[in-house]
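Asks: what would the 3D arrangement of this be:
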Amino acid sequence: MYKRINYIISELKDQYLINDDSLRPWIIGFSGGKDSTALLQLVWLALKNIPHELRKRKIYVVCNNTLVENPVVTDHVSGVLSQIQQAAVEQGLPIEVQKTIPRLEDTFWVNIIGRGYPVPNNTFRWCTDKMKIKPTSRFIIDQVAENGEAIILIGTRSSESATRAKSIKKHEIRGKRLSKHPQLHNTYVYSPIKDLMLEEVWYIINALTSPWGSDNSKLFQIYAEASADDYECPTIVTDKSHSSCGQSRFGCWTCTVVKEDKSMTAMVSKSYSWLKPLLDLRTSMVEERNKSENRLPTRRNGQNAVTDEGFHQGNYTQEYRAKLLEQVLIAQKEIQSVKPNLELITYQELVAIQVIWHRDLCFDYQVSEIYNRVYNKEFDMKKNDEKIQKEIALLKSVCEDQPSDFDLIQELLIMQKNKALLNRKRGLKDDMERVIEKYLKIESENVY
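Replies: Take a look at the predicted model:
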């Protein structure tokens, strides 16, 4: 096993030192899980074996936070990233930590509670692109723009699944370490640990000392406590204190694509009972997803979404969006009794949700009222709500003789405010023109 590890380190060292005028940077996708941790350890060891004057290529450790990650994992990864950055500076290594998050308009709650998107499933898996791919892709594109090219190092392994093995084989170029990225231009993919087995990954983590000073036993413990009975467990451990540990996968605690969140279920039943409100909320979102009474007869683009049997399959109704917001805040309040600083939904998301509700011409529900009801205190948004209500009353009085003008002006104003808040001015002119054309068509139909 040592020979296998040394071979990968030697290969990494050789690839790093390849004569490259552009010094295209390495970008390591780091989730804090077992595979990305093992990959970074091997890269670090390879870099330490390279003379200081030859360490010219920049290495970015990029970690994406969807804002709905498993809180236990998020807390662990945050601490590890701090250690990585500090150790890189102290050891004089060209390693830099970068964190990415989705834009406000792409977050889970803004889309679910704000826009009324149904929670993801296998046929409508909008979350991966918005919350994971886009944030990291933006960083990669910036690096390509600056350096001409970039190389992404990933901890994907063929033995993880038949699907992973097929994907790796599809994109790799025989006889070459690097393969072209299927979507990003001038970007290459390098998978140094693709041939490692699960036992070898755990051997690297447990037997080799973390070069940035992290306690890998904590990572091992998280996996052990998240393992369900049907997970494969490694047959090799480095000492008797290591219990059996599965290959549990961690991701968004809100994930409704999988039938059951086995890792969180196992964690709740063992050492993390305080996670139960999150598990219960996720279960509720799955059960409530396809209920006709929770869905509109149309999608956001106006397309009909009623089945032949009469079931609604459009976006969530405003009533259900308000109900879900209250459920999230209740779960957050319960969690904060144990973890006071843990937020399930941010203040910025609450403001964005309110703006979108106004854009949808829904004034029956107010984010501040729901928040105040759950927390029994005044939310700062109340002053903004009062101002908005005064504006609405004034606008209604001006358009008293022509109610449709009120609807048109209100929709245009809300659209502009929404674009401004979400820092998304692109397309504003086209959106406004479409709204005006819609109202002109309605007016002409009324005339005739």
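
Asks: show residues contacting whichever helix or strand Trp109 is part of.
Replies: For Trp109, the element it lies in under DSSP states H and E is helix 108-109. If you take Cβ atoms under 8 Å, 6 or more residues apart in numbering as the criterion, helix 108-109 is touched by Thr66, Leu67, Val68, Cys127, Met131, Cys252, Thr254, Val328, Ile345, Glu349, Ile353. All C-beta atoms are positioned from the backbone trio N, CA, C, and that covers glycine.

Asks: and the residues you listed, which two are furthest apart?
Replies: Cys252 and Ile353 (18.4 Å; Cβ to Cβ).

Asks: which one's more surrounded, the two?
Replies: Between Cys252 and Ile353, counting by other Cβ atoms under 10 Å, Ile353 is the more crowded of the two (24 against 20).

Asks: tell me the gap between the helix or strand harbouring the more buried one and the middle of its chain.
Replies: Assignment of secondary structure by DSSP H and E places Ile353 within helix 347-359. With Cα atoms, centre = their mean, to the nearest Å as the basis, helix 347-359 stands 19 Å off its chain's centre.

Asks: before we move on, the earlier item: now, which of the contacts of helix 108-109 lie within helices?
Replies: Of the contacts of helix 108-109, the ones assigned to helices by DSSP state H are Cys127, Val328, Glu349, Ile353.

Asks: SS state for the residue nearest to Val201 when sequence neighbours are not counted?
Replies: Excluding the flanking residues, the one nearest Val201 by Cβ to Cβ, 6 or more residues apart in numbering is Ala38, at 4.7 Å. Put simply, Ala38 is helix when judged by DSSP: H, G, I helix; E, B strand; the rest coil.

Asks: cool, Val97 as well?
Replies: For Val97, the assignment made with three-state DSSP gives strand.

Asks: tell me the contacts of it?
Replies: Val97 touches Tyr60, Val61, Cys63, Leu81, Ile84, Gln85, Ala88, counting by Cβ under 8 Å, 6+ apart.

Asks: pLDDT wise, what is the third one at?
Replies: Looking back up the chat, that one is Cys63. What the model reports as pLDDT for Cys63 is 93.

Asks: before we move on, back to that, what's the spacing between the residue nearest to Val201 and Pro192?
Replies: Distance of Ala38 to Pro192, computed by Cβ to Cβ, to the nearest Å: 10 Å.

Asks: compare the two (neighbour count), which wins?
Replies: The neighbour comparison of Ala38 against Pro192 (other Cβ under 10 Å) goes to Ala38, with 25 against 21.

Asks: where does the stretch 151-300 of the chain dip in pLDDT?
Replies: 158-175, 227-250 (pLDDT under 70).

Asks: would you list every one of the helices in it?
Replies: Secondary structure of the stretch 151-300 of the chain by DSSP state H, counting those that start in this stretch: the helices cover 162-171, 198-207, 216-226, 262-269, 276-288.

Asks: so which residues of the stretch 1-150 of the chain form helices?
Replies: 2-16, 34-48, 71-90, 108-109, 127, 134-147.

Asks: quick check: mean pLDDT across the fifth one?
Replies: This points to helix 127. Rounded mean pLDDT across helix 127 is 90.

Asks: starting at the chain centroid, how far to that helix?
Replies: On Cα atoms, centre = their mean, the centre of helix 127 falls 7 Å from that of its chain.

Asks: picking up where we left off before, in CSV, list the helices of the stretch 151-300 of the chain along with mean neighbour count.
Replies: As requested, the helices of the stretch 151-300 of the chain are exported to CSV (neighbours: other Cβ atoms under 10 Å):
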stretch, mean neighbour count
helix 162-171, 12
helix 198-207, 20
helix 216-226, 20
helix 262-269, 20
helix 276-288, 18
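
Asks: out of those, nearest to Glu369?
Replies: helix 276-288 (20.5 Å).
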